[in-house]
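J.: Provide a 3D model corresponding to the input given below.
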Amino acid sequence: MGKDVIVACDFSCAAKTLEFLDLFRERKPFVKIGMELFYAEGPDMVRRIKDRGHKIFLDLKLHDIPNTVRKAMAVLSRLDIDMCNVHAAGTVAMMEAALEGLVRDDGTRPLLIAVTQLTSTDQERLEKDLLIREPMKEVVMHYAQNAKSAGLDGVVCSPLEARTVHNACGNGFLTVTPGVRFADSDKGDQKRVMTPAQARLEGSDYIVVGRPVTAAADPVAAYEKCVKEFCL
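T.: All right, here's what the predicted structure looks like:
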């Protein structure tokens, strides 16, 4: 599986999103559409970006009873997305149902990954807010193994955990890692972060980069810097 940089298009409307994507004339980045943009503009935003030639990670993090998730995934798969996700905390049964719903009539489907723990969650929040006493790495590994057992393609995890996930679940099990910042970038609300180069060394298959690219003075140059550090 080749490494790639996914740009998080965390914008509030279509106009801002398309203005940003217009900057990229030579290389079409793999883009992430999250809840803010999807809820603002709906499925048509996915179609418009796909028509421009971008791969799309639809980041909605489904988490509900299995039957509801199955039906929702059947709808999302018709958008011709390339990747989508669920929360691993929804149980193995829910993840299995999500996978069933994603399969199209022709047998194809997008990649399906599971969120282990958000990169804004640290050990203190894990214990105080979620009442989970086990160490973060053990929790992430357990969720990752559940996702693999359910037949998923990989997990969303911190780059700090990518190597351990591969050791536990195999190199073919994808690690998609947000929480990536340049060495001189503000961490924002992220708690567990690495640079693109560090993420590559730790075995991340995809990195998700938002503000270091979208808020940069020169977004194209920032994106190319990510690609150079991570993919080459």
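
J.: can you give me the end-to-end distance of stretch 110-129?
T.: For stretch 110-129, the first-to-last residue distance is 33 Å (C-alpha to C-alpha, to the nearest Å).

J.: Can we start the residue count at 36 from this point?
T.: Shifting the count to begin at 36 puts that one at stretch 145-164.

J.: Just the buried residues of stretch 114-129, please?
T.: 114, 116, 118, 119, 120, 121, 122, 123, 124, 125, 127, 129 (16 or more other C-beta atoms under 10 Å). Glycine gets a C-beta too; all of them are placed from N, C-alpha and C.

J.: mind listing the helices for this structure?
T.: 49-56, 70-76, 78-86, 101-112, 127-137, 158-163, 171-184, 197-204, 231-236, 246-249, 254-266 (DSSP state H).

J.: Check which helices and strands the lengthiest strand in the chain sits against.
T.: Secondary structure assigned by DSSP state E gives strand 91-97 as the longest strand of the chain. Secondary-structure packing of strand 91-97 (3 or more C-beta pairs under 8 Å, 6 or more residues apart in numbering; DSSP states H and E): strand 65-68, helix 70-76, helix 78-86, helix 101-112, strand 118-122.

J.: Run a quick neighbour tally on residue 88.
T.: A count of nearby residues for residue 88, using other C-beta atoms under 10 Å, gives 9.

J.: so what's it up against?
T.: With contact taken as C-beta atoms under 8 Å, 6 or more residues apart in numbering, residue 88 is in contact with residue 63.

J.: Can you check the pLDDT for it?
T.: pLDDT recorded at residue 88 is 96.

J.: on that earlier part again, and the helices and strands packed on strand 91-97: which comes nearest residue 247?
T.: Taking C-beta to C-beta, strand 65-68 is the member of these nearest to residue 247, at 13.6 Å.

J.: for the closest one, what is the average pLDDT?
T.: 98.

J.: rewinding a little: just send the buried residues of stretch 114-129 back as JSON lines, with distance to residue 213 and pLDDT too.
T.: Formatted as JSON lines, the buried residues of stretch 114-129 follow (distance: C-beta to C-beta, whole Å; pLDDT from 0 to 100):
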{"residue": "114", "distance to residue 213": "22", "pLDDT": "95"}
{"residue": "116", "distance to residue 213": "18", "pLDDT": "97"}
{"residue": "118", "distance to residue 213": "13", "pLDDT": "98"}
{"residue": "119", "distance to residue 213": "15", "pLDDT": "98"}
{"residue": "120", "distance to residue 213": "11", "pLDDT": "98"}
{"residue": "121", "distance to residue 213": "16", "pLDDT": "98"}
{"residue": "122", "distance to residue 213": "14", "pLDDT": "97"}
{"residue": "123", "distance to residue 213": "15", "pLDDT": "97"}
{"residue": "124", "distance to residue 213": "17", "pLDDT": "95"}
{"residue": "125", "distance to residue 213": "19", "pLDDT": "96"}
{"residue": "127", "distance to residue 213": "23", "pLDDT": "98"}
{"residue": "129", "distance to residue 213": "22", "pLDDT": "98"}
